[in-house]
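S.K.: Build me a structure from this.
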Amino acid sequence: MAIFPAKLCVAIVVLFLAVVCAHAVQTSKASDEEFGPVVRAYLGYLRNEQEVVDDRVSRREINMIYYRRNSNRIKALRQMAMRVARDTNNDYLPELEAVASDEFRLLFERPPHPDALRVGEVLRNTFRFLGVVRTGEAFYVFARLDPYEQAELTEKASSTLKKPEAQDIQTEPRSLTRSRRVVP
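M.R.: Here you go, the predicted model:
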């Protein structure tokens, strides 16, 4: 007789978890409805990535530390994507990169100090720092600049380098009178 209540308890717990998960997915999709198709597609992509990570941990292909970091990274990307979409009121997202402080070398040959980063700062004409998102651990989120932005920044940098050189060239003072023409 003790087996029946145990099976019933397990069935109730499984049913409860299924309802909670279904509600979470519905809530997530409902909150995505405020965005356009591009942002919704990106949020759907992140949802799929989370499912892949969940599946891999359930098969014991990855350890819990790896699982936790990747789940937190996905949450950080999701939060920043939603923040960018709301702030710009635009159905466009740049390519986002979220790294922990010990992963800066993945993006930068000579990584900046995390405390020195300022929101909106452009690094190496390649990344714009968007901010820090804390989801269990701190993730520094960067937007990769598109090729047009990169080219524009490179052109601006080269033109500012040329201007000081041009100013350093001294010309002889011009006389205010016209020189006489000698006729042979």
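
S.K.: When you work out contacts or count neighbours from here on, use the C-alpha atoms and nothing else.
M.R.: OK.

S.K.: next one: stretch 37-49 to chain centre, how far?
M.R.: Counting by C-alpha atoms, centre = their mean, to the nearest Å, stretch 37-49 is centred 14 Å from the centre of its parent chain.

S.K.: Show the average pLDDT along that stretch.
M.R.: Averaged over stretch 37-49, pLDDT sits at 97.

S.K.: now do stretch 122-133
M.R.: Rounded mean pLDDT across stretch 122-133 is 94.

S.K.: where's stretch 71-90 relative to the chain centroid, distance-wise?
M.R.: With C-alpha atoms, centre = their mean, you get 8 Å for stretch 71-90.

S.K.: who touches it?
M.R.: Contact partners of stretch 71-90, identified using C-alpha atoms under 8 Å, 6 or more residues apart in numbering, comprise 35-36, 39, 43, 46, 49-50, 53, 91-93, 96-99, 133-137, 139, 141.

S.K.: repeat that with 6 Å
M.R.: 133, 135 (C-alpha atoms under 6 Å, 6 or more residues apart in numbering).

S.K.: Let's see that stretch as PDB, backbone CA atoms only.
M.R.: Extracted C-alpha coordinates of stretch 71-90, given in PDB (Å, rounded to 0.1, in the frame of the first residue of the first chain):
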ATOM      1  CA  SER A  71      22.500  29.700 -18.500                       C
ATOM      2  CA  ASN A  72      23.500  32.900 -16.800                       C
ATOM      3  CA  ARG A  73      25.100  34.100 -20.000                       C
ATOM      4  CA  ILE A  74      21.800  33.400 -21.900                       C
ATOM      5  CA  LYS A  75      19.800  35.300 -19.300                       C
ATOM      6  CA  ALA A  76      22.200  38.200 -19.500                       C
ATOM      7  CA  LEU A  77      21.900  38.300 -23.300                       C
ATOM      8  CA  ARG A  78      18.100  38.200 -23.000                       C
ATOM      9  CA  GLN A  79      18.000  41.000 -20.500                       C
ATOM     10  CA  MET A  80      20.200  43.200 -22.600                       C
ATOM     11  CA  ALA A  81      18.400  42.500 -25.900                       C
ATOM     12  CA  MET A  82      15.100  43.400 -24.300                       C
ATOM     13  CA  ARG A  83      16.700  46.600 -22.800                       C
ATOM     14  CA  VAL A  84      18.200  47.600 -26.100                       C
ATOM     15  CA  ALA A  85      14.900  47.000 -28.000                       C
ATOM     16  CA  ARG A  86      12.900  48.900 -25.400                       C
ATOM     17  CA  ASP A  87      15.400  51.800 -25.200                       C
ATOM     18  CA  THR A  88      15.700  52.300 -29.000                       C
ATOM     19  CA  ASN A  89      12.000  51.300 -29.700                       C
ATOM     20  CA  ASN A  90      13.400  49.600 -32.800                       C
END
